[in-house]
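Q: with the sequence up front, the predicted model follows.
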Amino acid sequence: MGFPSANLKKVIPNFQIPLKSENIEPLVDLHTLLNIVYDVAGYDMRIDYTRNPVPPLADADAAWADALLQEQGLR
């Protein structure tokens, strides 16, 4: 039994940052921002996807992640 993870299969939804009433609330696309940081920082070259994460994922999430990594040729 592993660590209960957030729903890894869903895209992070966009959200607004609440500001003072006279300001326009910016819409944050956190999913895209994290993908950009991942690409720019070169995490694909730093993370060893052949190893299981620490702490381990819950069984269902671990099976899903393993299948996804195999599909991507990372396992």
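A: Perfect, thanks for sending it.
Q: quick check: next helix or strand after the lowest-mean-pLDDT helix or strand in the chain?
A: Every helix and strand in the chain was compared by mean pLDDT, DSSP states H and E; the lowest is helix 43-46, with a mean of 89. Next helix or strand after helix 43-46 toward the C-terminus (DSSP states H and E): helix 59-71.
Q: which helices and strands does that following helix pack with?
A: For helix 59-71, not one helix or strand is in contact under the criterion 3 or more Cβ pairs under 8 Å, 6 or more residues apart in numbering; DSSP states H and E. Heads up, the C-betas are built off the backbone N, CA and C, glycines and all.
Q: now that helix, how far from the centre of its chain.
A: Centroid displacement of helix 59-71 relative to its chain, using Cα atoms, centre = their mean, to the nearest Å, is 14 Å.
Q: same check on stretch 56-64?
A: 14 Å.
Q: list the buried residues for it?
A: Buried positions in stretch 56-64, judged by neighbour count with 16 or more other Cβ atoms under 10 Å: 57, 61-62.
Q: export those residues to CSV and tack on pLDDT and distance to R46?
A: Below are the buried residues of stretch 56-64 laid out as CSV (pLDDT from 0 to 100; distance: Cβ to Cβ, whole Å):
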residue, pLDDT, distance to R46
L57, 91, 19
D61, 90, 22
A62, 92, 21
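Q: closest one of the residues you listed to N14?
A: D61 (23.3 Å; Cβ to Cβ).
Q: my guess is the closest one meets L8, correct?
A: Yes: at 5.6 Å, D61 counts as touching L8 under the criterion of Cβ atoms under 8 Å.
Q: so which helix or strand takes in H31?
A: helix 30-41.
Q: as PDB, could you dump the C-alpha coordinates of that helix?
A: Taking Å, rounded to 0.1, in the frame of the first residue of the first chain, the C-alpha atoms of helix 30-41 are listed here in PDB:
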ATOM      1  CA  LEU A  30      -0.800  25.800 -13.600                       C
ATOM      2  CA  HIS A  31      -0.700  22.600 -15.700                       C
ATOM      3  CA  THR A  32       1.000  24.400 -18.600                       C
ATOM      4  CA  LEU A  33       3.300  26.300 -16.300                       C
ATOM      5  CA  LEU A  34       4.500  23.100 -14.700                       C
ATOM      6  CA  ASN A  35       5.100  21.500 -18.100                       C
ATOM      7  CA  ILE A  36       7.200  24.500 -19.100                       C
ATOM      8  CA  VAL A  37       9.300  24.300 -15.900                       C
ATOM      9  CA  TYR A  38       9.700  20.600 -16.500                       C
ATOM     10  CA  ASP A  39      11.000  21.200 -20.000                       C
ATOM     11  CA  VAL A  40      13.200  24.200 -19.300                       C
ATOM     12  CA  ALA A  41      14.800  22.600 -16.200                       C
END
